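1. No sequence on hand, only this structure:
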DNA sequence: GCCGTTTTCGGCCCGACTGTTTTCAGTCG
């Protein structure tokens, strides 16, 4: 069983326990355990089955959860989960996603009205029955109805490029307020998470408060959700992205940045550390416990410093070992956007791109790159007018010709070759042999059995011409899960054959994601970050790929396209 | 249910806002 699946059982049970009103510390232990399992680089179910291994060596797993793990591996569930599911239907968990309702209210709704689905909840609200329950009223009823609508519309998450664009636009708008000095995004956007639930903007300066008024007057505000002296929340645009704007005093700007950047798990661990050292940490600063005197707050650096830690890059703040690493001075050197020297996956008008080879090269030059690879689709992707061998070789000649006009750039001739149903390449080996770079990607038959998909990918990796595995899981964020396969086996094979995994920087993919990247690196794999550009403006997406790599603790040495053109050429495999 | 530089027992992160109440529980981040 995969770690993600075990973690899901833990999270689900913890949520149900919360509705059941069980001990909150025990619930926290289940959640901590889930996080630990989720991010563990090796399959925990394998450890459970190996008598010589001990799962309690994993931080957050003790005797109790070890027994639970054993039960899960044996029969796919465990006693406490079964007991919870007997008390509350699993659909009740969905109600936790409705804003304004928490576990207590959900328990109450279930007790009084047997509400266990979103549809039940909507009916109860419409009938005016929610307001009859203790501590609930008409306003909550309206809020819940609005929240149901928004939940149904979008499942309330957004692609990172959309959130990033809204944040930049608003930051520029708010920065024009007199008295405002700085506007900075915090939250999951600053951490570079794959998808974003809402955007936090922090505003400071000599007199920042008027920024809240200006925010409320922003033309694209759809609905004001909350309005206080320090914070205004609104949903923006017809998409309804929630943006929270907070105004802050300069003296606590650093602590607020730290606090609102999160993640929650990182902050909890940091506050625990603060307490051990005799401090208490909040969004207002770091204070001594004994006399409440403030010791830090203006900058994040001084807060981390007073806690005996190096400053931790936001992408690492998930409480996945970064605090320990910062304490011991062994934070990794993370790859930076300015270290990327080439983009290795892009399409042209020859298939489904919008620009010519020369225009793409021009855009790559403008992005400051030393090289690029033209990698159009192969013939199996008929819908995209994919290339057969003849057209491909003609394009190679054309690439070589255009390259003459760009003496300062290396233009690699490549292809994004389909991996066929059985793992064969869509183009003949002698054609692939003419190319500098071959990306192999799956675009069809996504519903194969995991074992079949594993064999398919392994066969592709074994083809001596293949250099890169393109968007390796095929996922589309918020739309489609990746196809399942034995990731560890594929990663080990990729490492063995020097086939690099692509980190596809398209915000719709971000594939591989940070979780699998860490597993792949543990197997010895290396990576390229590419944009899969179909348009010159897509080259700008490189930064999202870099964020994803950073979230996986990857450094420049892990990323092959940080090398110069000759170095990169050398890192490609040579057919033996 | 976890964990240990004070601890194998007794702790376990912090504050604002909302709506419903008149002193605060629940939710949220």
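-> Ah, there it is. If you're wondering where the values come from, they're calculated on a predicted model, not measured in any experiment.

2. need the contact list for residue A:426.
-> Contact analysis of residue A:426 by Cβ atoms under 8 Å, 6 or more residues apart in numbering lists A:378, A:379, A:380, A:386, A:417, A:418, A:419, A:420. Backbone N, C-alpha and C define where each C-beta goes, glycine included.

3. middle-most residue in chain A, spatially?
-> Centroid-nearest residue in chain A: residue A:194, 2.6 Å away (criterion: Cα atoms, centre = their mean).

4. out of everything not next to it in sequence, what's closest to it?
-> Nearest in space to residue A:194, with sequence neighbours left out and distances taken as Cβ to Cβ, 6 or more residues apart in numbering, is residue A:510 at 4.9 Å.

5. returning to what we had before: my guess is the residue nearest to the centre of chain A meets residue A:552, correct?
-> No: using Cβ atoms under 8 Å, residue A:194 is not in contact with residue A:552, being 11.4 Å away.

6. Look up the residues that both of those two are in contact with.
-> By Cβ under 8 Å, 6+ apart, residue A:194 and residue A:552 have these common neighbours: residue A:514.

7. ok, residue A:30 touching residue A:15?
-> No: judged on Cβ under 8 Å, residue A:30 makes no contact with residue A:15 at a distance of 9.3 Å.

8. higher neighbour count, those two?
-> More neighbours surround residue A:30 than the other of residue A:30 and residue A:15, with 25 against 22 (other Cβ atoms under 10 Å).

9. Give me the neighbour count for the residue nearest to that one when sequence neighbours are not counted.
-> What sits nearest to residue A:30 in space, not counting adjacent residues and going by Cβ to Cβ, 6+ apart, is residue A:14, at 4.1 Å. Neighbour count for residue A:14, taken as other Cβ under 10 Å: 21.

10. from the middle of its chain, how far away would the lowest-mean-pLDDT helix or strand in chain A be?
-> Taking mean pLDDT, DSSP states H and E as the measure, chain A has helix A:138-154 as its least confident helix or strand, at a mean of 83. With Cα atoms, centre = their mean, to the nearest Å as the basis, helix A:138-154 stands 27 Å off its chain's centre.

11. wait, does it contact DNA strand B?
-> Yes: for helix A:138-154, a contact with DNA strand B is found by Cβ under 7 Å from any atom of the strand, at A:138, A:139, A:140, A:141, A:143.

12. thinking residue A:241 is in contact with residue A:197, fair?
-> No: using Cβ under 8 Å, residue A:241 is not in contact with residue A:197; the gap is 9.0 Å.

13. Could you check which of those two is surrounded by more residues?
-> Taking neighbours as other Cβ under 10 Å, residue A:241 and residue A:197 compare with residue A:241 leading, 24 against 15.

14. which residues of chain A score low on pLDDT?
-> Counting by pLDDT under 70, chain A contains low-confidence ranges at A:153-156, A:574-576.

15. Where do the domain boundaries of it fall?
-> Using automatic domain parsing, the domain parsing of chain A gives A:3-154, A:158-248, A:253-327, A:337-571.

16. For the second one, measure first residue to last.
-> Meaning domain A:158-248. End-to-end span of domain A:158-248 (Cα to Cα, to the nearest Å): 26 Å.

17. Tell me if it is near DNA strand B.
-> Yes: for domain A:158-248 and DNA strand B, the contact criterion (Cβ under 7 Å from any atom of the strand) is met by A:187, A:198, A:200, A:226, A:227, A:228, A:229, A:230, A:231, A:242, A:244.

18. burial count for the second one?
-> Which is residue A:198. If we define neighbours as other Cβ under 10 Å, then residue A:198 has 19 of them.

19. separation between it and residue A:162?
-> Counting by Cβ to Cβ, to the nearest Å, the separation of residue A:198 from residue A:162 is 12 Å.

20. Mind listing the shared neighbours of these two?
-> Jointly contacting residue A:198 and residue A:162 under the rule Cβ under 8 Å, 6+ apart are residue A:241.

21. how about the nearest residue to whichever residue of the stretch 51-200 of chain A sits closest to DNA strand B, chain neighbours excluded?
-> Per Cβ to the nearest atom of the strand, residue A:137 is where the stretch 51-200 of chain A lies closest to DNA strand B, at 1.6 Å. Distance criterion Cβ to Cβ, 6+ apart; nearest residue to residue A:137, sequence neighbours excluded, is residue A:131 at 5.1 Å.

22. which residues do residue A:241 and residue A:197 both contact?
-> In contact with both residue A:241 and residue A:197: residue A:158, using Cβ under 8 Å, 6+ apart.

23. What strand or helix carries residue A:458?
-> Following DSSP states H and E, one finds residue A:458 within helix A:450-462.

24. That helix - contacts with which helices or strands?
-> strand A:468-469, helix A:487-496 (3 or more Cβ pairs under 8 Å, 6 or more residues apart in numbering; DSSP states H and E).

25. Those into TSV, with extra columns for mean neighbour count and distance to DNA strand B?
-> Putting those into TSV (neighbours: other Cβ atoms under 10 Å; distance: least, Cβ to the nearest atom of the strand, whole Å) gives the following:
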stretch	mean neighbour count	distance to DNA strand B
strand A:468-469	28	36
helix A:487-496	20	24
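
26. picking that back up, now, the most widely separated pair of the residues of helix A:138-154 next to DNA strand B?
-> A:138 and A:143 (9.7 Å; Cβ to Cβ).
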